[in-house]
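Colleague: This is a predicted model, with the sequence first.
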Amino acid sequence: MIRSILKGIAGLAAVLIVLATAAGAYAGNLAYNEFREAPWDQILGIRNNSRHVAPIRVLEKERQWEAVRVNAPDGTILRGTYIASTSHSHKTVILLHGLYQNRSMCLGYVPIYQNLGYNVLLIDQRGHGESEGAHTDWGLSEPEDMEMWMQWLRLSSACTAFPWGRLWRCCMPAVTVSSRWLLSLPTVPMEISFLWAEKS
């Protein structure tokens, strides 16, 4: 009799644990979606320039920079601008913009890397600029997005010879995206020379 009661209590406890876990997961998912989709520009008082891409469009046309795109694994179309070095270099720097910005934010750094002989790839992260998506995924999808850009570079004419390096320049909080991507890799690719994170 006592053994049956104990079995019943144990069974009930197991059911309660499963239900509590499921409820916690459901609540956590709801909370994450609320966090992800919140209008943080309004909450934090940040000026939202994410769709103001006129400067980069003008320069693409005037200087014949290459408009490029990749498809993320989930089908999201990501867009960027590739600026080839006049020295036919096989080194490329990828510039990442900050939250509620777009690739135009990094235009001031282009001449610096051009003078150093680098090709430059400016990208719009998902939910920004001309890339698709309603908002950032706060590091969940972005690592795979970065891998698609790396793959594009590996297959591009700029990267057909070895050795070639990767120089990263990241604005905060874009450093979160790049760091999350690097942490998702079993080893850091040899192509990446170093990561430069700067608050801006």
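Modeller: That came in fine, so what should we check first?
Colleague: and Ile46, how many neighbours?
Modeller: The burial count assigned to Ile46 is 14, neighbours taken as other Cβ atoms under 10 Å. No exception for glycine: its C-beta is placed from N, CA and C like everyone else's.
Colleague: Distance of it relative to Thr136?
Modeller: Distance, Ile46 to Thr136, by Cβ to Cβ, to the nearest Å: 12 Å.
Colleague: and for the two, which residues touch both?
Modeller: Leu99 (Cβ atoms under 8 Å, 6 or more residues apart in numbering).
Colleague: Make sure I have this right: Val80 is in a strand.
Modeller: No Val there; residue 80 is Gly. Yes. Counting by DSSP: H, G, I helix; E, B strand; the rest coil, Gly80 is part of a strand.
Colleague: At which residues are the helices of the protein located?
Modeller: 2-37, 40-44, 54-63, 110-115, 142-155, 174-183 (DSSP state H).
Colleague: rank the ones you listed by mean pLDDT and give me the bottom one.
Modeller: Ranked by mean pLDDT, these end with helix 174-183 in last place, scoring a mean of 50.
Colleague: Give me the phi and psi for Gly75.
Modeller: Dihedral pair for Gly75: phi 90, psi -10, per degrees, to the nearest 10.
Colleague: if I look at the most centrally placed residue in the chain, how far off is Asn115?
Modeller: By Cα atoms, centre = their mean, the mean C-alpha position of the chain lies nearest to Glu142, the distance being 3.5 Å. Separation of Glu142 from Asn115 (Cβ to Cβ): 29 Å.
Colleague: ok, now His97?
Modeller: To Asn115, His97 is 21 Å away according to Cβ to Cβ.
Colleague: Which residue of these two possesses the greater neighbour count?
Modeller: His97 (23 against 9).
Colleague: Could you tell me how many residues sit around the residue lying closest to the more buried one once chain neighbours are set aside?
Modeller: Taking Cβ to Cβ, 6 or more residues apart in numbering, and ignoring the residues beside it in sequence, His97 has Met105 as its nearest neighbour in space, at 4.2 Å. If you count neighbours by other Cβ under 10 Å, Met105 ends up with 25.
Colleague: Could you number the chain from 840 rather than 1 from now on?
Modeller: Renumbered: residue one is now 840, and that last one reads Met944.
Colleague: Please verify my assumption that Met944 contacts Gly937.
Modeller: Yes. Using Cβ atoms under 8 Å, Met944 is in contact with Gly937, at 6.4 Å.
Colleague: is it true that the residue nearest to the centre of the chain touches Arg965?
Modeller: Yes. Counting by Cβ under 8 Å, Arg965 is a contact partner of Glu981 at 6.8 Å.
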